[in-house]
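Participant: Sharing a model prediction with you, sequence too.
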Protein chains: 2
Amino acid sequence: METRTEISSLGEFGLIKRINSGIKTTLPDTIRGIGDDAAVIDTGEEFGLLSTDMLLEGVHFDLTFFPLKHLGYKAISVNVSDIAAMNGIPRQVTVNLALSNRFSLEAIDELYAGMKAACVDFNVDLVGGDTSSSRSGLLISVSVFGKVKKDKITYRNTAKANDLLCVTGDLGGAYLGLQLLEREKQVFLANPDMQPELEGKDYVIQRQLRPEARMDVIYELAEAGVLPTSMIDVSDGLASDLLHLCAQSGVGAVVFEERIPIDEQTYLAASELNIGPITAAMNGGEDYELLFTVSQASYDLIKNNPKISFIGYMTGDKEEIVLHTKGDGRVPITAQGWS
Amino acid sequence: METRTEISSLGEFGLIKRINSGIKTTLPDTIRGIGDDAAVIDTGEEFGLLSTDMLLEGVHFDLTFFPLKHLGYKAISVNVSDIAAMNGIPRQVTVNLALSNRFSLEAIDELYAGMKAACVDFNVDLVGGDTSSSRSGLLISVSVFGKVKKDKITYRNTAKANDLLCVTGDLGGAYLGLQLLEREKQVFLANPDMQPELEGKDYVIQRQLRPEARMDVIYELAEAGVLPTSMIDVSDGLASDLLHLCAQSGVGAVVFEERIPIDEQTYLAASELNIGPITAAMNGGEDYELLFTVSQASYDLIKNNPKISFIGYMTGDKEEIVLHTKGDGRVPITAQGWS
């Protein structure tokens, strides 16, 4: 009898860790393999960046409330975000699509309209891909190729003690937008005559449905002459992504609760849904903002950029990754959030 | 009422054509987008090559007879084949995987063992990817990055009249291997006590389960100092892929039936299954051999390479794409085969 070990015994993160631990790179032009936002390839004059992400119906999105045009946009945007997190410029994308015949040509046109809009916004070319039939739902697998000057690349493992910790935009909105959409879906399923109550919630809904990779900030940092000392995109929530940055850099961090940028609509949605806004920012995920560190000398160069919040600093004690609360308490930040 | 047009009204090729027709590239470093085996990116000193392919359970493979280790190998190999078809060297791959919890850790290990074996064989690094849960079957989406010297790239649209038409290895085996496996599956389903009758069929079975990208021939052509004038990999069958080469190059072709390389086991399987061996070679697909053209001056340099068959020549009449039969007849080659 063969041994059978269930995946559930490891969990998703455990499974990924197990898979990745068995993979080594051997080529001299593979500068960085698994473990950062994108793989880094030495293409001669510059570094090439390669990353890929997949969106599956029923796992990553629910078409009962996700417009196909937004979905197409998001599929490109979340991949571009991985290139941004390396301080790179996205250039080309490929799209693999699997779909069943429940989708009409008009639906596919909508999906591609969204992808093309994202290609225009982020100045990338759609250069290839594969279209296949699917037995079940819709599936989109995107790969992105980007580039970065060799001395401008930013990794996850290069934050230093006393660096300032920065985040772009605001956090928690995408998660609360999803909770609102799911609530309205349940209301609708219970009573199809009900109209969705989403007035005044457009911003958090948009955060979920149509996230924007922060290439704007990448260009503004370059203009300001600031090179982050480390960077990661906030896809899993501030807590989880900060822990990655700290673990890989071997540093600790102090985050000031009052400095975490949260939009007014996010506060309102949090209150309505009875979810803590800081919990949403810490653990919600899908905000696709950039979390990065800069040297103290960089502070004056970007302190007036309204897109950037200084939320804390890095420390030399890698055991100390804490949230400094409004009440002057210090609570450890964990992958499940802050306890 | 919104218009709804069924995908089936176009068919898969029609759908892909419709999608692709709406996509234009705009960046100066995008040398070639959709339409060849891989996209071509100007990375400075060299060209970068980017390609992607997806394998879906129930569409591209049947796990009742497809060992996971072979499947992992094939997922990498078919992507490498796209780089080979550009006369390139594959360097890095990314793997997106979606799987349900019906797969055990041991099953996933088998899949990765196959992918790693292919990475070793083709000298590529696995540098990234995404693992996700799936509601239904197993799904593997691979992207590959490769490189090629700018003056060594081979496209599909550069065959010239009077060039010689060559193919590597032999054709039709992968298709007949699949037919045998499907026959044995039906026999087994009807009577689980039956043992599969696959003795003496190992070669055609292997052609289906574990295709080898022909990087060996790419290296041998370079050693011989031969640069093909055009190239494509044979994934859809000789007929379909030759038609691509001819259409994109604006040339015709004459193929000699007696020159089409077919293995002894392929003949036997064809006979047993009552399928014409030439039909299998023309329309079977999945052989992942290379179909390429060379100038007549190159003939002497590779005529003794046993891996290369000279099967015909290109003509200036793009309307004339014909099979010269053993009986001295001439029949048009069509996408559905030869009528």
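Facilitator: Nice, thanks for sending it over. Numbering: from 1, shown residues only, chains lettered A, B, ... in the order given.
Participant: other SSEs contacting the helix or strand containing residue A:72?
Facilitator: Residue A:72 is located in helix A:68-84, with elements delineated by DSSP states H and E. Other elements packing on helix A:68-84 under the criterion 3 or more C-beta pairs under 8 Å, 6 or more residues apart in numbering or on different chains; DSSP states H and E are strand A:47-56, strand A:89-99, helix A:105-121, strand A:139-148, helix A:202-209, helix A:215-224, strand A:230-234. For every residue, glycine as well, the C-beta is placed using N, CA and C.
Participant: Arrange the ones you listed in TSV, one row each, with distance to chain B, mean pLDDT and mean neighbour count as further columns.
Facilitator: Below are those laid out as TSV (distance: least, C-beta to the nearest C-beta, whole Å; pLDDT from 0 to 100; neighbours: other C-beta atoms under 10 Å in any protein chain shown):
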stretch	distance to chain B	mean pLDDT	mean neighbour count
strand A:47-56	4	97	26
strand A:89-99	4	97	25
helix A:105-121	4	96	19
strand A:139-148	4	98	27
helix A:202-209	18	96	21
helix A:215-224	14	98	18
strand A:230-234	14	98	26
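Participant: Contacts for stretch A:259-268, please.
Facilitator: Residues from elsewhere that reach stretch A:259-268 (C-beta atoms under 8 Å, 6 or more residues apart in numbering or on different chains): A:167, A:169-173, A:176, A:200-204, A:238, A:277-278, A:280-281, A:309-312.
Participant: Got a quick ChimeraX command for the buried subset of those residues?
Facilitator: Buried residues within these, by 16 or more other C-beta atoms under 10 Å in any protein chain shown, are selected in ChimeraX with:
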select /A:167,169,170,171,172,173,176,201,203,204,238,277,278,280,281,309,311,312
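Participant: Of the contacts of stretch A:259-268, which belong to strands?
Facilitator: A:167, A:309-312 (DSSP state E).
Participant: From the residues you listed, pick the one nearest residue B:318.
Facilitator: residue A:167 (58.3 Å; C-beta to C-beta).
Participant: is the closest one in a bridge, and if so with what?
Facilitator: Beta-bridge pairing for residue A:167 (DSSP bridges): residue A:291, residue A:309.
Participant: wait, isn't it in contact with residue A:309?
Facilitator: Yes: if you go by C-beta atoms under 8 Å, residue A:167 and residue A:309 touch, sitting 5.4 Å apart.
Participant: Report the contact partners of the closest residue to residue A:155 other than its chain neighbours.
Facilitator: For residue A:155, ignoring the flanking residues on the chain, the nearest one in space by C-beta to C-beta, 6 or more residues apart in numbering or on different chains is residue A:36 at 5.8 Å. Residues in contact with residue A:36 (C-beta under 8 Å, 6+ apart) are A:85-86, A:155-157.
Participant: looking at those, which has the most residues close by?
Facilitator: Within the contacts of residue A:36, most neighbours by other C-beta atoms under 10 Å in any protein chain shown means residue A:85, with 31 neighbours.
Participant: Ok, which of the helices and strands packed on helix A:68-84 comes nearest residue B:28?
Facilitator: Of those, nearest to residue B:28 by C-beta to C-beta is strand A:89-99, at 10.1 Å.
Participant: residues contacting the nearest residue to residue A:139 once chain neighbours are set aside?
Facilitator: Among residues not flanking residue A:139 along the chain, residue A:98 sits closest, at 4.2 Å (C-beta to C-beta, 6+ apart). With contact taken as C-beta under 8 Å, 6+ apart, residue A:98 is in contact with A:131-134, A:138-139, B:54, B:56, B:59, B:139.
Participant: can you pull up the bridge partners for the residue nearest to residue A:155?
Facilitator: residue A:34.
Participant: Residue A:255 contacts residue A:164, doesn't it?
Facilitator: No: applying C-beta under 8 Å, one finds residue A:255 not in contact with residue A:164, separated by 11.5 Å.
Participant: Mutual contacts of the two, please.
Facilitator: Residues touching both residue A:255 and residue A:164 (C-beta under 8 Å, 6+ apart): residue A:312.
Participant: Check the residue nearest the centre of chain A and give its pLDDT.
Facilitator: Nearest to the mean C-alpha position of chain A, by C-alpha atoms, centre = their mean, lies residue A:235 at 2.6 Å. You'll see residue A:235 listed with a pLDDT of 95.
Participant: Same check on the one 5 residues further on?
Facilitator: Residue-level confidence at residue A:240 comes out at 95, pLDDT.
Participant: go on, residue A:268?
Facilitator: Residue A:268 is given a pLDDT of 96.
Participant: distance of it from chain B?
Facilitator: Distance of residue A:268 to chain B, computed by C-beta to the nearest C-beta, to the nearest Å: 32 Å.
Participant: And residue A:265, by the same measure?
Facilitator: Where chain B is concerned, residue A:265 sits at a distance of 29 Å (C-beta to the nearest C-beta).
Participant: Quickly find the element holding that residue.
Facilitator: helix A:264-273.
Participant: so where's chain A shaky on pLDDT?
Facilitator: Along chain A, the parts satisfying pLDDT under 70 run over A:1-2, A:336-339.
Participant: picking that back up, mind putting the helices and strands packed on helix A:68-84 in TSV, distance to residue A:7 included?
Facilitator: As requested, the helices and strands packed on helix A:68-84 are arranged in TSV below (distance: least, C-beta to C-beta, whole Å):
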stretch	distance to residue A:7
strand A:47-56	16
strand A:89-99	22
helix A:105-121	30
strand A:139-148	19
helix A:202-209	28
helix A:215-224	36
strand A:230-234	26
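Participant: Out of these, which is closest to residue B:4?
Facilitator: helix A:105-121 (6.3 Å).
Participant: outside of that closest one, which residues touch it?
Facilitator: Outside helix A:105-121, the residues touching it (C-beta under 8 Å, 6+ apart) are A:67-77, A:80, A:93, A:95, A:97, A:99, A:124-126, A:140, A:212, B:2-7, B:9-10, B:15, B:18-19, B:22-23.
Participant: what's near enough to touch residue A:333?
Facilitator: A:239, A:242-243, A:253, A:255, A:282, A:321-323.
Participant: now it, what's its secondary structure?
Facilitator: The three-state assignment at residue A:333 reads strand, by DSSP: H, G, I helix; E, B strand; the rest coil.
Participant: Any idea what it is bridged to?
Facilitator: Beta-bridge partners of residue A:333, as defined by DSSP bridges: residue A:338.
Participant: State the distance from it to chain B.
Facilitator: Looking at residue A:333 against chain B, where the rule is C-beta to the nearest C-beta, the gap reads 25 Å.
Participant: what's the answer for residue A:191, then?
Facilitator: Counting by C-beta to the nearest C-beta, the gap from residue A:191 to chain B is 24 Å.
Participant: What count of nearby residues applies to that residue?
Facilitator: Neighbour tally, residue A:191, other C-beta under 10 Å: 8.
Participant: Same check on the one 4 residues further on?
Facilitator: Residues within reach of residue A:195, counting by other C-beta under 10 Å, total 9.
Participant: So it: helix, strand or coil?
Facilitator: Applying three-state DSSP: residue A:195 is coil.
Participant: Let me see the contact set for it.
Facilitator: By C-beta under 8 Å, 6+ apart, the contact list for residue A:195 is empty.
Participant: what's the answer for residue A:5, then?
Facilitator: B:104-106.
Participant: The same query, at a cut-off of 10 Å, please.
Facilitator: B:104-109 (C-beta atoms under 10 Å, 6 or more residues apart in numbering or on different chains).
Participant: which among these gets closest to residue A:286?
Facilitator: residue B:108 (26.0 Å).
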